[in-house]
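> any chance you could fold what I've pasted below:
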Amino acid sequence: MNVEQKLEKLGLQLPNPAKPAGSYKPCVIVDNMAYISGQGPLLEDGTFAQGVVGKDLTLEIAQEHAQRCGLAILAALKNEIGDLNKVTQLVKLTGFVNCTNDFTKQPLVINGCSDLMKNVFGEKGVHARAAVGVNSLPLGFSVEIEAIFQIQL
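Have a look, this model is predicted:
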């Protein structure tokens with residue numbers, strides 16, 4: 001089963017890739033590595049989920065937002081390389097959670113994206129990771145995640 005079939009089986013679909021909010025590219029390829037700029041939780045209508053985890057948002061909602069970040073990452077990657085089956089390894093995710101000062105479950109939030117990647121890519125989706133709590137994110141994002149993939153050229 002290919003990556004897009006796995007997404008469909010999970011009841012998920014890739015959004016249209018988000019347009020950059022600044023002077024950068026969503027995906028840069030260097031040799032056989034794909035670097036995906038930070039992606040926010042893209043909603044079906046093209047807007048982004050916003051809020052502060054621990055204040056406006058529950059852990060469960062934040063995990064859903066992290067999964068949406070993962071789908072946006074995959075959309076940016078597919079837009080650049082054309083076929084997600086070219087992924088040979090997800091190397092690393094770096095996740096940022098817009099949260100209150102006393103919220104300490106950032107790793108559980110970012111699991112929303114990590115679990116998606118493992119479900120879609122299998123062992124190739126198991127990665128190194130950082131999960132960081134912050135007091136603010138661009139455009140009011142609740143979660144932002146960047147990724148590094150090894151790809152087949």
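> run through who's touching stretch 116-133.
Outside stretch 116-133, the residues that touch it by Cβ atoms under 8 Å, 6 or more residues apart in numbering are 3, 6-7, 10, 12, 67, 70-71, 74, 84, 87-97, 99, 103-104, 106-107, 109-110, 114. Every residue, glycine included, has its C-beta placed from N, CA and C.
> name the nearest residue to Gln152, ignoring sequence neighbours.
Nearest residue to Gln152, sequence neighbours excluded (Cβ to Cβ, 6 or more residues apart in numbering): Lys86, at 4.6 Å.
> tell me, how many residues neighbour that neighbour?
17 (other Cβ atoms under 10 Å).
> OK, contacts around it?
Contacts of Lys86 (Cβ under 8 Å, 6+ apart): Ile151, Gln152, Leu153.
> ok, now which ones touch the residue of the chain most remote from its centre?
Among the C-alpha atoms of the chain, the one farthest from their average position, using Cα atoms, centre = their mean, is that of Asp102, at 23.8 Å. By Cβ under 8 Å, 6+ apart, the contact list for Asp102 reads Gly54.
> give me the buried entries from the contacts of stretch 116-133.
The neighbour-count criterion (16 or more other Cβ atoms under 10 Å) marks 3, 7, 12, 67, 70-71, 74, 84, 87, 89-90, 93-97, 99, 103, 106, 109-110, 114 among the contacts of stretch 116-133 as buried.
> in strands, which of the residues you listed appear?
Using DSSP state E, the members of the buried ones among the contacts of stretch 116-133 that fall within strands are Val87, Gln89, Leu90, Leu93, Thr94, Gly95, Phe96, Val97.
> okay, those residues in a markdown table with pLDDT and distance to Arg129 next?
Shown next, in a markdown table, are these (pLDDT from 0 to 100; distance: Cβ to Cβ, whole Å):
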| residue | pLDDT | distance to Arg129 |
| --- | --- | --- |
| Val87 | 98 | 16 |
| Gln89 | 99 | 13 |
| Leu90 | 99 | 10 |
| Leu93 | 99 | 5 |
| Thr94 | 99 | 7 |
| Gly95 | 99 | 7 |
| Phe96 | 99 | 12 |
| Val97 | 99 | 13 |
